[in-house]
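Student: I'll drop the sequence and a predicted model, then ask my questions.
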Amino acid sequence: MRSEETIDELRAYGLKVIQQRHGYRFSLDPLLLCDFAGIGEGERVIDLGTGCGVIPLILAVKVREMQGVGVEMQEEMAEISVRNVALNDLSDRIEILCRDIKTLKGHFPASSFDLVLSNPPYRKRGSGRISPKPGRDNARHESTAELGDFLAAAKNLVKPAGRICFIYHPSRLPEFFSAAAELGLSPIRLRMVHGSNSAEARMFLIETVKGRKGELKILPPLFVYDENGGYTAEMEGIVGPGK
């Protein structure tokens with residue numbers, strides 16, 4: 001580990017994760033996405049915008065036969081992901097690819113993954129507060145790729161009737177539905193994430209499918225914190241005991 005990095009434990013999954021001490025650090029969002037998506041034995045999975053690689057790491061722990069790919073555009077973050085995979089002895093099951101997701105077409109055969117996941121940047125370019133910490137703006141603000149690009153890449157990569165699962169900001173839910181419809185993707189599950197039972201939704205979790213139709217199911221909301229400020233029972237099951 002380098003002086004500008006930390007090693008943090010995800011005790012619920014028995015994982016150790018190298019992160020930048022003052023740069024981008026993963027939040028609860030990828031953990032919520034992994035729990036929402038689920039994974040079956042032997043499924044081939046790809047994570048678009050993997051950051052430090054936490055999503056494929058968690059899924060590899062959940063299912064022993066999983067084969068996964070994490071795609072990350074930022075060279076420094078991709079290099080950290082590679083080291084995280086090695087640190088957790090998962091190099092035989094997880095590949096990290098440093099590449100812009102807009103250039104993936106042709107790199108993998110079309111329709112070659114059972115599940116595509118993404119926790120993409122949710123702020124438009126030039127919007128919101130600019131972070132002074134390196135790497136954070138690329139994780140939060142769209143740079144070369146926008147929402148439609150992530151969805152188009154996901155559609156190309158997923159098998160017919162395969163699943164695409166995203167976590168994204170509620171302010172862009174109408175845009176998500178519109179972009180999915182243009183690509184012929186059918187949303188089948190939606191769940192809103194709230195900080196507490198009195199707070200507005202802070203994110204949404206959504207599953208879409210390619211090549212089949214289905215009615216959209218609105219799932220019960222997920223509440224992160226209880227009335228005492230600790231994790232709810234459901235959250236403790238996802239991330240382990242909170243404060």
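Tutor: Received it, and whenever you're ready, just let me know what you need. This is a predicted model, so every value here is computed, not measured.

Student: C-alpha from now on. contacts and neighbour counts both.
Tutor: Fine.

Student: Now tell me which helix or strand of the protein has the poorest mean pLDDT.
Tutor: Lowest on mean pLDDT, DSSP states H and E among the helices and strands of the chain sits helix 136-140, with a mean of 48.

Student: Now do the helices in the chain.
Tutor: Secondary structure of the chain (DSSP state H): helices located at 29-37, 54-62, 75-87, 136-140, 147-157, 173-182, 233-239.

Student: Identify whichever of those helices lies nearest to I206.
Tutor: The minimum distance between I206 and the helices of the chain falls on helix 29-37, with 8.4 Å, by Cα to Cα.

Student: how about the residue lying closest to E65 once chain neighbours are set aside, phi and psi?
Tutor: Nearest non-adjacent residue to E65, counting by Cα to Cα, 6 or more residues apart in numbering: G42, 4.8 Å away. With angles defined as degrees, to the nearest 10, G42 sits at phi 80, psi 0.

Student: got it, and E43?
Tutor: Torsion angles, degrees, to the nearest 10, at E43: phi -70, psi 150.

Student: what number of residues lie near it?
Tutor: Neighbourhood size, E43 [other Cα atoms under 10 Å]: 14.

Student: Over to D8?
Tutor: Neighbour number of D8 under other Cα under 10 Å is 11.

Student: residue contacts, the closest residue to it other than its chain neighbours?
Tutor: Nearest residue to D8, sequence neighbours excluded (Cα to Cα, 6+ apart): V17, at 5.2 Å. By Cα atoms under 8 Å, 6 or more residues apart in numbering, the contact list for V17 reads I7, D8, E9, L10, C52, V54, N84.

Student: And the second one, how far from F26?
Tutor: D8 sits at a distance of 11 Å from F26 (criterion: Cα to Cα, to the nearest Å).

Student: Show me the strands in this protein, by range?
Tutor: Ranges of strands in the chain, per DSSP state E, are 5-10, 15-20, 44-48, 67-72, 94-98, 113-118, 158-168, 185-194, 201-210, 217-218, 222-223.

Student: Report the strands that pair with the last one, each with its relative direction.
Tutor: The one in question is strand 222-223. Applying DSSP bridges, strand 222-223 is found paired with strand 185-194 (parallel).

Student: which residues touch the strand it pairs with?
Tutor: Here strand 185-194 makes contact (Cα under 8 Å, 6+ apart) with 155, 177, 180, 200-224.

Student: Keeping just the C-alphas, turn it into PDB.
Tutor: Output of strand 185-194 as PDB, limited to C-alpha atoms (Å, rounded to 0.1, in the frame of the first residue of the first chain):
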ATOM      1  CA  LEU A 185     -34.800  -2.000 -23.100                       C
ATOM      2  CA  SER A 186     -37.700  -2.900 -20.800                       C
ATOM      3  CA  PRO A 187     -37.500  -1.800 -17.100                       C
ATOM      4  CA  ILE A 188     -39.000  -4.600 -15.000                       C
ATOM      5  CA  ARG A 189     -37.900  -3.600 -11.400                       C
ATOM      6  CA  LEU A 190     -37.600  -0.200  -9.700                       C
ATOM      7  CA  ARG A 191     -36.700   0.500  -6.100                       C
ATOM      8  CA  MET A 192     -36.200   3.900  -4.500                       C
ATOM      9  CA  VAL A 193     -33.400   4.400  -1.900                       C
ATOM     10  CA  HIS A 194     -34.100   6.900   1.000                       C
END
